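*Asks:* quick one, what's the 3D model for this:
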Amino acid sequence: MDGLEKIRKGLYAREQEPNENENTQHSPLFHSEKIESKSSWEREPLSPETPTVELRNAMSLAKKLFIGSAIFFACAVAFAGFVMFRGGNVVSSEKVFVQFAGPLSVAGGEPFNFEVSVRNDNSSQIEAADLLLEFPEGTRRANNPLAEMRRFREALGEIAPGESLSKKHEAILFGEEGEHLVISATLEYRVRGSNALLKKTSRYEVALGTAPLSISITGMRETANKSEFSLELEVKSNSTTALRDIIVEADYPFGFAFKNSSPRPTSGERAWALGDLSAGGTRRITLSGIVSGAEGDERVFRFRAGPAQSGSGSNIGTALVSASHAVLLRRPFLAISLIVNGEEGTEFITEKGKTVRVGVAWENNLPTRATDAQITVRLDGALYDPASVVPDGGSYYRAQDGTIVWDRSADGSLATMEPGARGQKQFSVNVRGPGTGVYALKNPSFGISASISARGPAGASEAGGAIETKTRAEVKLLADLSLSARLARWSGTFTNRGPIPPKVGEETTYTVVWSLSNAFNELSDARVSATLPSYVRFVGAVSPAGERVSYDAISGVVMWEAGEVKAGVGIGGIPREVAFQVALVPASSQAGSIPTLVGEASAEGNDRFTGRSVSSATRPALSTAFSDASFVSGQDVVGK
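*Replies:* Alright, predicted model coming up:
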């Protein structure tokens, strides 16, 4: 019997047959064995002849992964080789070309042509191709220069292998001279059997050789600190077609105070709407102001021009040209400044009927002497009284041209001015007062223009040694706000009740009337306020109903917020008025007295012309002595 048969019989036999190779005497089930313990743990080496099951499994898994990776790599190499050497129907973007053909430089504002070509060098066709052109801001259509063109899309359809398509386009570019503008073309397409949208983009850079507009600036390159400074701009069309709705905008440097311009700005102090410019047409703008800063500072004026933004008549859509003008602030060879009522500056505030003392200070800053100096002052405006001008130092006022002149004949010190020499000339002038028609003026002021000229060393100026420095100041009249307050019993809008004279314990009502008058300048945020005593009640009735009168019960302040008050209100006409009711219930302690109903009142507001705050004189408190014509002495005394 072979070995396998013996094992099978042994497994299923009822009794175990003795093994002839074994000892027939059975060993005991349990037996003792002496085990020696060790004093420390020791790692038993893994026998190389008996590998574990886990190691065999790990090696088997790694082997499978290696075989799988090798198969995948072989397939990838085979596919890449197939694509490389056979190509099949694969479309590569590297074989799709978008190219421009056109001039490298064009004239701004003039139509120009360019061409866009598309070529497919793949072995398969591309489908649903669209060509998208994107233009720089301000680009216009050649067939309609008023229409802006930013994007243009054209359907190309299918492009066969090796096929090339060309499309011609025309546009008008706008920008500054020398500016580089970019037109981009994007080909959007799909390949058969795929919904993915593929793109190929190309860029075309073109330089503007000439701008359709030009700005020329004429003005001084150097000026004295705090002196009047002027610039002249010439805006010229270089286009062969009309340019529509041209706007000029200015960026003023720090320290520049705008005075005026011709023509006047159409928006604020920085924008001029010039309208349409015909081919070759020109417009001129002259502006002036005061430049302030430290000696050696450079101030840069920047201007730009272009058509108005769509939907806005005051802002530039696309700037077609820009220009700048730098001016250096220097210490003038001959310095001159104006001092009005003890203050140096270029803008001063005065009141009606006042006398204005003006000083004209000068200084020679040359390292050498100056000779034949002359100081000239010219007054202009309707606010001053020509008959009141009194100069000192031997000069006189020439009424025919409004000037005062000091020269060597009037003052010998002006014949020769040594280096560092300084001095001051003075004159006084009165502001027109009541009875001189001053109340008919709106935003009244008068100007003071002063200049000093002399001869210095050759090269001290561009005029062969002739030196001149100018300055200007403006004296403005402050608004004249006045307030009147009165108490009424039987006159006015409201019907008042209660005993007259007032009695202890009984309520009597009165009407308070405030009137505002304002001369010369418009006011904003005008308001009148007063305080009611604790024993007086604010009834709440107000006339006219549209006026804003409020009462604070905690502080007792009643306030009229008048807001805007026009110039000339109450001057020879009806003043601005408001009326409200108050009530008095006298206490027994007030018997025999004349109680105060409304405390002192005052008005204030903001003068828009001068930028200053203005206030009225304080009006006295109002008592029970009302102002009606029928008032009889004793009707104001509280009775029992």
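*Asks:* surely G492 is in a helix?
*Replies:* No. In this structure, G492 is coil, not part of a helix, as judged by DSSP: H, G, I helix; E, B strand; the rest coil.
*Asks:* count the neighbours of it for me.
*Replies:* Applying other Cβ atoms under 10 Å, we find 19 residues neighbouring G492. Where C-beta positions appear, they are placed from N, C-alpha and C, glycine not excepted.
*Asks:* do G639 as well
*Replies:* Burial measure for G639: 15 neighbouring residues, criterion other Cβ under 10 Å.
*Asks:* quick check: it touching P501?
*Replies:* Yes. Contact between G639 and P501 holds when scored by Cβ atoms under 8 Å: they sit 5.2 Å apart.
*Asks:* can you tell me the SS state at K64?
*Replies:* For K64, the secondary structure call by three-state DSSP comes out as helix.
*Asks:* next one: E94
*Replies:* Using three-state DSSP, the three-state assignment for E94 comes out as helix.
*Asks:* identify the bridge partners of G275.
*Replies:* When bridges are taken as DSSP bridges, the partners of G275 come out as I246.
*Asks:* quick one: it and A319, what's the gap?
*Replies:* When distance is defined by Cβ to Cβ, to the nearest Å, G275 is 17 Å away from A319.
*Asks:* ok, those two, which is more surrounded?
*Replies:* Between G275 and A319, counting by other Cβ under 10 Å, A319 is the more crowded of the two (21 against 13).
*Asks:* can you pull the contacts of the more buried one?
*Replies:* Residues in contact with A319, defined by Cβ atoms under 8 Å, 6 or more residues apart in numbering, are 175-176, 304-306.
*Asks:* switch the cut-off to 10 Å
*Replies:* With contact set as Cβ atoms under 10 Å, 6 or more residues apart in numbering, A319 has these partners: 137-138, 174-176, 179, 211, 213, 247, 249, 303-307.
*Asks:* domain parsing for this protein?
*Replies:* If the domains of the chain are taken from automatic domain parsing, they occupy 93-210, 213-330, 334-477, 480-623, with pieces of a single domain joined by a plus sign.
*Asks:* CSV for the ones you listed, including distance to K63 and mean pLDDT?
*Replies:* Compiled in CSV, the domains of the chain are given as follows (distance: least, Cβ to Cβ, whole Å; pLDDT from 0 to 100):
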stretch, distance to K63, mean pLDDT
domain 93-210, 39, 87
domain 213-330, 72, 86
domain 334-477, 97, 87
domain 480-623, 93, 95
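*Asks:* switch those over to JSON lines; also include distance to C75.
*Replies:* JSON lines is the format used below for these (distance: least, Cβ to Cβ, whole Å):
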{"stretch": "domain 93-210", "distance to C75": "22"}
{"stretch": "domain 213-330", "distance to C75": "58"}
{"stretch": "domain 334-477", "distance to C75": "88"}
{"stretch": "domain 480-623", "distance to C75": "85"}
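*Asks:* who's the nearest residue to I159 once chain neighbours are set aside bridged to?
*Replies:* Excluding the flanking residues, the one nearest I159 by Cβ to Cβ, 6 or more residues apart in numbering is N120, at 4.5 Å. Beta-bridge partners of N120, counted by DSSP bridges, are V96.
*Asks:* and for E561?
*Replies:* On DSSP bridges, the residues paired with E561 through beta bridges are R527, R548.
*Asks:* what about it, distance to H180?
*Replies:* In this structure, E561 and H180 are separated by 58 Å, where distance is defined by Cβ to Cβ.
*Asks:* who touches stretch 136-144?
*Replies:* Contacts to stretch 136-144, defined as Cβ under 10 Å, 6+ apart, come from residues 108-113, 133, 135, 146-152, 169-175, 179-184, 206, 306-307, 316-320.
*Asks:* how close does the residue nearest the centre of the chain sit to R299?
*Replies:* Nearest to the mean C-alpha position of the chain, counting by Cα atoms, centre = their mean, stands D251 at 11.4 Å. For D251, the distance to R299 under the criterion Cβ to Cβ works out to 11 Å.
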